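Enquirer: next comes the sequence, and after it the predicted model I'd like to discuss.
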Amino acid sequence: MDVSEKRIVVTGGAGFIGSHLVERLVPDNDVVVVDNEANGQSEWVHEGATYLDGDLTDPDVVAEAITSDVDLVVHLAASKLVDTDTPRRQFEDNSDITYNILERMQEAGVENLVFTSSSTVYGEAPRPTPEDYAPLEPISVYGATKLAEESLVSTYAHSHDIQSWVFRFANIVGPRLRGAVIPDFIEKLTEDPSTLTILGDGRQEKSYMHISECIDAMLFAVEHADKDHNVFNLGTRTTTSVDRIASIVADEMDIDPEYEYTGGDRGWTGDVPRMRLSVDKLSALGWEPEQSSDDAVRQSTRELLEEL
């Protein structure tokens, strides 16, 4: 699908990933952002986009945003905390939003959907994990809701003529990132440069991808993958540890803190200690990540130090 001269609705477009995607789409498209700022800020939305403040659990809001002249819906909106203290509400809200969007797309005759999923659908899987790995056994409610939403998207792709692209993200990092390990370390070390408390044992090791490469990969896949239902992992070919991230942040802040650990091999309930996604499927399509996980973490640290 050519992503230019289109009318595109971006749910969650005021959030971290969504706002960066909107910036890339606006110059060549008519973009509508729908968000309630649960995970984002309206000032992050490019001035060239139309902004609709609304809760997507309300079908009327969805109907207002998704009209018959829309060419593509990019669905990023979600309750995203893996260790949420309201798991039932998270599952119900995320599932309701995705169901509302799919139903409205069918009603309005909108045929193209991008859905952002997560590596958490795999649970604790062998690494690197390919897209066709089975069985999918998430260990968090967040992973469970993403898997349930993927199932809905698959159903509408195969039975209701909606072409879909599903992206299972590794850890995406960069400017505007909040509630994640890099900004958490920056904020802690700004307050107390002498000591850093690290959740778990610091040996959790995962793949990190910079937001610029994430957006590049998403757009490349939409433009080049043409099956009814397309599923891709997005990540780098390398991993880095929480200890290594702490060292990079401390280095960029020019400090030498002592590390304290909360203990255990997980940072929180539902945390997958080790994750690396296979990106061979996207590579075979013609796109390859250029950065390592360390590169992405260091670039993001420098960018976040300027804005936090």
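Expert: Yep, that arrived.
Enquirer: residues touching Gly48, list them.
Expert: Neighbouring residues of Gly48 by CB atoms under 8 Å, 6 or more residues apart in numbering: 26-27, 31. Glycine gets a C-beta too; all of them are placed from N, C-alpha and C.
Enquirer: please apply the same query to His160.
Expert: So His160 contacts 102, 106 (CB under 8 Å, 6+ apart).
Enquirer: and with 10 Å instead?
Expert: Residues near His160 by CB atoms under 10 Å, 6 or more residues apart in numbering: 102-103, 105-106, 111.
Enquirer: next step: the contacts of Gly48 restricted to strands.
Expert: Val31 (DSSP state E).
Enquirer: nearest to Leu189, of the contacts of Gly48?
Expert: Using CB to CB, Val26 is the member of the contacts of Gly48 that sits closest to Leu189, with 35.0 Å.
Enquirer: what pLDDT does the closest residue to that closest one other than its chain neighbours get?
Expert: Sequence neighbours aside, Gly48 is the residue nearest to Val26 in space, at 4.0 Å (criterion: CB to CB, 6 or more residues apart in numbering). Gly48 is assigned 98 on the pLDDT scale.
Enquirer: and what about Gly48, helix, strand or coil?
Expert: Of the three states, Gly48 takes coil under DSSP: H, G, I helix; E, B strand; the rest coil.
Enquirer: what's the answer for Ala246, then?
Expert: Ala246 ends up helix, using three-state DSSP.
Enquirer: wasn't Ala77 part of a strand?
Expert: No: counting by three-state DSSP, Ala77 falls outside a strand, being coil.
Enquirer: how many neighbouring residues does it have?
Expert: 28 (other CB atoms under 10 Å).
Enquirer: circling back: list phi and psi for the residue nearest to Val26.
Expert: phi -80, psi 0 (degrees, to the nearest 10).
Enquirer: end to end on stretch 65-76, go ahead and measure it.
Expert: 14 Å (CA to CA, to the nearest Å).
Enquirer: any buried residues in it, and which?
Expert: Buried residues in stretch 65-76, counted by 16 or more other CB atoms under 10 Å: 65-66, 70-76.
Enquirer: which ones among those residues map onto helices?
Expert: Taking DSSP state H as the definition of helices, the buried residues of stretch 65-76 contribute Ala65.
Enquirer: what's the farthest-apart pair in the buried residues of stretch 65-76?
Expert: Longest span within these, CB to CB: Asp71 and Leu76, 17.1 Å.
Enquirer: so Gly202, which of the three states?
Expert: Per three-state DSSP, Gly202 ends up coil.
Enquirer: related to what we said a few turns ago, what subset of the contacts of His160 is buried?
Expert: 102-103, 105, 111.
Enquirer: which members of those residues are positioned in strands?
Expert: Going by DSSP E, the strands hold none of the buried ones among the contacts of His160.
Enquirer: tabulate these (a markdown table), appending distance to Lys281 and pLDDT.
Expert: Shown next, in a markdown table, are the buried ones among the contacts of His160 (distance: CB to CB, whole Å; pLDDT from 0 to 100):
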| residue | distance to Lys281 | pLDDT |
| --- | --- | --- |
| Leu102 | 24 | 98 |
| Glu103 | 29 | 98 |
| Met105 | 25 | 98 |
| Glu111 | 23 | 98 |
